[in-house]
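**Q** all I have is the shape, not the residue letters:
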């Protein structure tokens with residue numbers, strides 16, 4: 001599987017480790033940068049490129065890494081066609097794929113040791129989307145909003161609080 005990776009300085013070491021791990025485990029890592037460690041770099045140029053390339057290639061996945069992974073997930077989710085999940089446990093890595101059909105995983109390089117972060121990526125890559133109707137319906141709502149800017153209709157309730 002082709003896997004596009006992007007990071008900033010805080011995720012650089014983990015990104016480099018993941019590139020080696022992915023290649024050793026039969027994947028095709030594509031490094032979208034940075035090429036060198038620079039303590040003053042910014043994540044958007046690299047993360048947005050990894051996200052764009054992931055969205056543009058059916059069947060590929062992406063990995064973005066920063067200090068906490070939050071900014072990287074936010075940036076990746078700005079790219080049309082990307083569903084980036086912030087993984088902070090094995091369960092969130094699996095559920096991002098299984099329930100949300102996420103195509104990008106975001107990880108905080110300062111939040112986890114190399115083995116733990118690598119395990120998140122391993123689980124993310126190995127987990128298929130469940131295809132359950134309820135999850136597909138939700139993803140379609142988000143896709144429609146992404147395309148049109150139209151909010152999904154509120155459900156019709158027979159009792160209880162309105163709105164939300």
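**A** Yep, that arrived. Just so you know, these numbers come straight off a predicted model, no measurement behind them.
**Q** and the longest helix along the chain, which residues are buried?
**A** Of all segments of type helix in the chain, defined using DSSP state H, the longest is helix 133-148. Using 16 or more other C-beta atoms under 10 Å as the test for burial, helix 133-148 gives residue 139. C-beta here means a position set from N, CA and C on the backbone, and glycine is covered the same way.
**Q** what lies in contact with it?
**A** For helix 133-148, the external contacting residues (C-beta atoms under 8 Å, 6 or more residues apart in numbering) are 80-81, 83, 99-101, 129, 150-152.
**Q** neighbouring contacts of the strand or helix carrying residue 121?
**A** Using DSSP states H and E, residue 121 sits within helix 114-126. With contacts defined as C-beta under 8 Å, 6+ apart, helix 114-126 is touched by 1, 3, 14, 17-18, 21-22, 25, 27, 61, 63, 65, 85, 87, 89-90, 93-94, 96-97, 102, 105, 107, 109, 112.
**Q** can you select the buried ones from the residues you listed in ChimeraX?
**A** Applying 16+ other C-beta under 10 Å to the contacts of helix 114-126 leaves a buried subset, and the ChimeraX line that selects it is:
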select :3,14,17,18,21,22,27,61,63,65,85,87,93,94,96,97,102,105,107,109,112
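**Q** so which of the contacts of helix 114-126 are in helices?
**A** Using DSSP H to define helices, the subset of the contacts of helix 114-126 located there is 14, 17-18, 21-22, 90, 93-94, 96-97.
**Q** want to throw the residues you listed into JSON lines with distance to residue 56?
**A** Below are these laid out as JSON lines (distance: C-beta to C-beta, whole Å):
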{"residue": "14", "distance to residue 56": "24"}
{"residue": "17", "distance to residue 56": "25"}
{"residue": "18", "distance to residue 56": "21"}
{"residue": "21", "distance to residue 56": "24"}
{"residue": "22", "distance to residue 56": "19"}
{"residue": "90", "distance to residue 56": "29"}
{"residue": "93", "distance to residue 56": "23"}
{"residue": "94", "distance to residue 56": "25"}
{"residue": "96", "distance to residue 56": "20"}
{"residue": "97", "distance to residue 56": "19"}
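**Q** redo the residues you listed as TSV? Include pLDDT.
**A** Below are those laid out as TSV (pLDDT from 0 to 100):
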residue	pLDDT
14	98
17	98
18	98
21	98
22	98
90	98
93	98
94	98
96	98
97	98
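**Q** of the residues you listed, which is the nearest to residue 49?
**A** residue 18 (16.1 Å; C-beta to C-beta).
**Q** how near is the closest one to residue 60?
**A** Relative to residue 60, residue 18 is positioned 15 Å away (C-beta to C-beta, to the nearest Å).
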